[in-house]
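K.L.:
Turn this into a model:
(one chain, ligands or ions: 2)
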Amino acid sequence: MGIVLEKGTFIDEAKIGALLENVRTEPEAVRDILAKAREAKGLALEEVTQLMAVTDPELLEELFHTARSVKETIYGNRIVLFAPLYISNLCGNECVYCAFRSSNKELKRRALNMDEIKSEVTYLVNHGHKRLLVVAGEAYDSKHSLKYIYDAIEAIYSVKTPKGEIRRLNANIAPLSVDDFRDLKSTRIGTYQCFQETYHRDTYRKMHLRGRKADYDWRVTVMHRAMEAGIDDVGIGPLFGLYDWRFELLATLLHAKSLEECFGVGPHTISFPRIEPALGSDVAAQPPYPVSDTDFLKIIAITRLAVPYTGMILSTRENSEFRDKCIALGISQVSAGSRVDPGGYEESENKKFDTSQFQVGDYRTIDEVIRSLAESGYIPSFCTACYRMGRTGCDFMDLAKPGEIKNHCFPNAVATFQEYLEDFASPETKEVGEKVIAEVTDSLTGLAQERCRKFSELVKSGKRDVIC
Ligand code: SAM
Ligand code: SF4
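P.N.:
Numbering: from 1, shown residues only. Ligands and ions are numbered 1, 2, ... in the order given. You can find the predicted model right below:
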């Protein structure tokens with residue numbers, strides 16, 4: 001299919017502007033929208049705009065309550081875990097908020113070689129990770145071009161240890177052409193992720209001064225190229241803090257809608273990065289449009305209601321206490337034990353800011369993150385079943401929508417969490433984890449319950465990678 005996209009046609013700034021100008025927030029209208037949202041069929045942009053304008057504390061709590069209940073109905077208490085793997089901070093672009101920007105002389109540059117990449121992966125596998133996100137700057141020199149990324153992906157998948165291997169590798173790398181995306185697909189990546197940073201054209205121009213990324217249209221059409229090349233699972237997101245969050249949220253939803261119209265399925269995930277301090281960046285230290293915690297929670301709650309079946313990702317940019325609130329309102333995937341500098345896992349003792357992309361807000365180990373999630377009643381899941389069984393794109397949505405999730409996702413979450421408890425957990429985490437698995441299994445019925453019991457026993461008896 002040849003998708004012809006005219007510049008920015010699906011990000012209609014005039015339409016977004018008109019929506020934001022005509023906002024009403026009568027309590028009754030808001031309550032009607034929340035009643036519709038409870039059916040988990042999504043919301044129109046006009047409805048999203050009304051929810052964005054809610055400030056009354058009582059109404060806001062009703063909004064949060066609705067988001068919590070939709071999240072609970074669709075995802076239950078599962079939360080998927082992953083870790084980013086930064087392989088290189090070499091970059092030819094000039095994004096003013098990022099420590100990796102080419103003019104930053106304070107940053108120590110480093111691109112891991114294949115042996116260093118394998119030792120990072122070994123570290124992560126030996127700490128229980130099954131799902132990674134490979135991340136790199138956008139380098140143009142011949143040694144660190146696309147071939148370097150492909151070699152890195154092969155190196156990551158090649159690592160096999162007695163404790164396991166990486167089962168799903170997602171990628172957050174610079175936008176590619178359709179032909180290059182075809183090659184990327186053949187490397188077996190899971191989700192291709194790329195953030196628009198800001199959908200507001202004029203702000204984009206001011207934030208991206210040089211390099212290929214300075215081209216707004218090349219960036220904003222990236223997911224259409226990826227999907228045209230056959231990559232079913234794509235992940236989008238703005239970088240909150242660069243422009244008005246209301247504009248960014250509406251634009252993100254327009255982006256999702258355009259992908260759904262063109263390819264029959266929207267983005268697999270939406271991420272919610274908020275700007276963090278970055279070495280030598282004034283914009284990162286003082287973002288032009290800072291997003292308050294309350295507004296950030298609103299963004300998450302409204303997104304959950306607008307696109308109920310889309311995965312929502314939060315990274316360690318946020319601190320642990322705040323992350324738990326975000327999870328309850330809609331987040332379905334979090335990173336844990338993250339480092340955002342190349343080589344940062346093996347050398348994790350010294351939390352280095354001079355090679356890092358930004359400052360992380362949550363420095364807990366994966367075991368600490370898992371224990372605290374389990375203490376809050378969540379089942380941390382390392383499940384990668386859908387991708388490995390070919391349930392991607394529309395097929396994944398078919399599974400998700402009619403509530404089939406219960407019979408697949410719960411047993412897979414329990415099986416992978418039980419693996420973690422058997423192979424990696426500290427005694428304290430194991431105790432809390434066993435308790436939460438028992439509670440969740442008891443709360444289920446029928447096939448879901450039967451599978452949870454069976455999978456848990458199989459893993460305890462030594463079997464690994466039990467999936468359905
Ligand atoms: N270089 C590629 C790109 O820009 O798309 C991919 C990797 S880049 C390291 C990943 C993301 O980090 C960017 O898309 C941006 O949203 C985010 N980022 C950059 N600077 C940041 C900061 N100061 N705080 C939080 N996130 C930041
Ligand atoms: Fe380079 Fe990406 Fe950072 Fe921009 S956000 S400077 S492209 S690593």
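K.L.:
secondary structure class for A83?
P.N.:
What DSSP: H, G, I helix; E, B strand; the rest coil gives for A83 is strand.
K.L.:
State the distance from it to ligand 2.
P.N.:
18 Å (Cβ to the nearest ligand atom, to the nearest Å). Yep, even glycine has a C-beta here, placed from its N, CA and C like the rest.
K.L.:
cool, and E62?
P.N.:
For E62 relative to ligand 2 (Cβ to the nearest ligand atom), the value is 37 Å.
K.L.:
and what of S271?
P.N.:
13 Å.
K.L.:
who's that residue bridged to?
P.N.:
I313 (DSSP bridges).
K.L.:
Touching, it and F240? I think so.
P.N.:
No: with contact defined as Cβ atoms under 8 Å, S271 does not reach F240; the gap is 10.1 Å.
K.L.:
Flag every buried residue along stretch 432-441.
P.N.:
Going by neighbour count (16 or more other Cβ atoms under 10 Å), the buried part of stretch 432-441 is 432-434, 436-437, 440-441.
K.L.:
Counting only helices, which of those make the cut?
P.N.:
Secondary structure defined by DSSP state H assigns 432-434, 436-437, 440-441 of the buried residues of stretch 432-441 to helices.
K.L.:
How about the contacts made by T55?
P.N.:
Going by Cβ atoms under 8 Å, 6 or more residues apart in numbering, T55 touches T25.
K.L.:
try 10 Å this time
P.N.:
Contacts of T55 were listed using Cβ atoms under 10 Å, 6 or more residues apart in numbering, and they are 25, 294-295, 298.
K.L.:
Next, format those as CSV and append secondary structure and distance to G190.
P.N.:
Shown next, in CSV, are the contacts of T55 (DSSP: H, G, I helix; E, B strand; the rest coil; distance: Cβ to Cβ, whole Å):
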residue, secondary structure, distance to G190
T25, coil, 40
T294, helix, 33
D295, helix, 31
K298, helix, 30
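K.L.:
From one end of stretch 276-290 to the other, what's the distance?
P.N.:
10 Å (Cα to Cα, to the nearest Å).
K.L.:
got the buried residues for that stretch?
P.N.:
Quick answer for stretch 276-290 (16+ other Cβ under 10 Å): 276, 278-279, 281, 283-284, 287, 289.
K.L.:
what about the closest residue to ligand 1 within the stretch 1-150 of the chain, how many neighbours?
P.N.:
When scored by Cβ to the nearest ligand atom, the stretch 1-150 of the chain has C98 as its residue closest to ligand 1, at 3.5 Å. Neighbour count of C98, defined by other Cβ atoms under 10 Å: 26.
K.L.:
How about the secondary structure of the residue nearest to it when sequence neighbours are not counted?
P.N.:
Leaving aside its sequence neighbours, C98 sits nearest to A278 (Cβ to Cβ, 6 or more residues apart in numbering; 5.8 Å). The local conformation at A278, judged by three-state DSSP, is coil.
K.L.:
List just the nearest of the ones in helices among the buried residues of stretch 432-441 to ligand 2.
P.N.:
Using Cβ to the nearest ligand atom, these come closest to ligand 2 at G433, 35.9 Å.
K.L.:
Can you name the residues that contact that closest one?
P.N.:
370-371, 373-375, 379-380, 417-418, 420-422, 425.
K.L.:
Sort out for me which of those residues are in helices.
P.N.:
With DSSP H as the criterion, helices contain 370-371, 373-375, 417-418, 420-422 from among these.
K.L.:
For those, pick the one with the most neighbours.
P.N.:
Most neighbours among the ones in helices among the contacts of G433, by other Cβ under 10 Å: F417, with 31 neighbours.
K.L.:
Does it touch S381 like I think?
P.N.:
Yes: if you go by Cβ atoms under 10 Å, F417 and S381 touch, sitting 6.2 Å apart.
K.L.:
what do the two both touch?
P.N.:
Common neighbours of F417 and S381 (criterion: Cβ under 10 Å, 6+ apart): 78, 81.
K.L.:
got the buried residues for stretch 447-463?
P.N.:
Within stretch 447-463, the residues scored as buried using 16+ other Cβ under 10 Å are 448-449, 451-453, 455-456, 459.
K.L.:
Now pLDDT and secondary structure too, for those residues, in CSV please.
P.N.:
Formatted as CSV, the buried residues of stretch 447-463 follow (pLDDT from 0 to 100; DSSP: H, G, I helix; E, B strand; the rest coil):
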residue, pLDDT, secondary structure
A448, 88, helix
Q449, 92, helix
R451, 92, helix
C452, 93, helix
R453, 94, helix
F455, 93, helix
S456, 93, helix
V459, 93, helix
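K.L.:
So is stretch 97-117 next to ligand 2?
P.N.:
Yes: using Cβ under 6 Å from any ligand atom, stretch 97-117 comes into contact with ligand 2 via 98, 100-101.
K.L.:
Drop everything from those that is not in strands and list the rest.
P.N.:
With strands taken from DSSP state E, there is no overlap with the residues of stretch 97-117 next to ligand 2.
K.L.:
In JSON lines: the residues you listed, plus pLDDT and distance to Q196.
P.N.:
Listed next are the residues of stretch 97-117 next to ligand 2 as JSON lines, based on pLDDT from 0 to 100; distance: Cβ to Cβ, whole Å:
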{"residue": "C98", "pLDDT": "96", "distance to Q196": "14"}
{"residue": "F100", "pLDDT": "95", "distance to Q196": "18"}
{"residue": "R101", "pLDDT": "96", "distance to Q196": "17"}
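K.L.:
And the strands in the stretch 101-250 of the chain?
P.N.:
Taking DSSP state E, counting those that start in this stretch to define them, one finds strands in the stretch 101-250 of the chain at 131-136, 160-161, 164-165, 168-172, 192-193, 234-236.
K.L.:
So the longest one, near ligand 2 or not?
P.N.:
Okay, so that is strand 131-136. No: Strand 131-136 lies out of reach of ligand 2 by Cβ under 6 Å from any ligand atom, never closer than 7.4 Å.
K.L.:
Roughly how far does the residue lying closest to T416 once chain neighbours are set aside sit from D215?
P.N.:
Distances taken as Cβ to Cβ, 6+ apart place F382 nearest to T416, at 3.8 Å, with adjacent residues excluded. As for F382, its distance to D215 is 37 Å (criterion: Cβ to Cβ, to the nearest Å).
K.L.:
The two: which has the busier surroundings?
P.N.:
For the pair F382 and D215, the greater number of neighbours falls to F382 (22 against 14), based on other Cβ under 10 Å.
K.L.:
surely the more buried one meets Y420?
P.N.:
Yes: with contact defined as Cβ under 10 Å, F382 counts as touching Y420 (6.4 Å).
K.L.:
Done for today, thanks.
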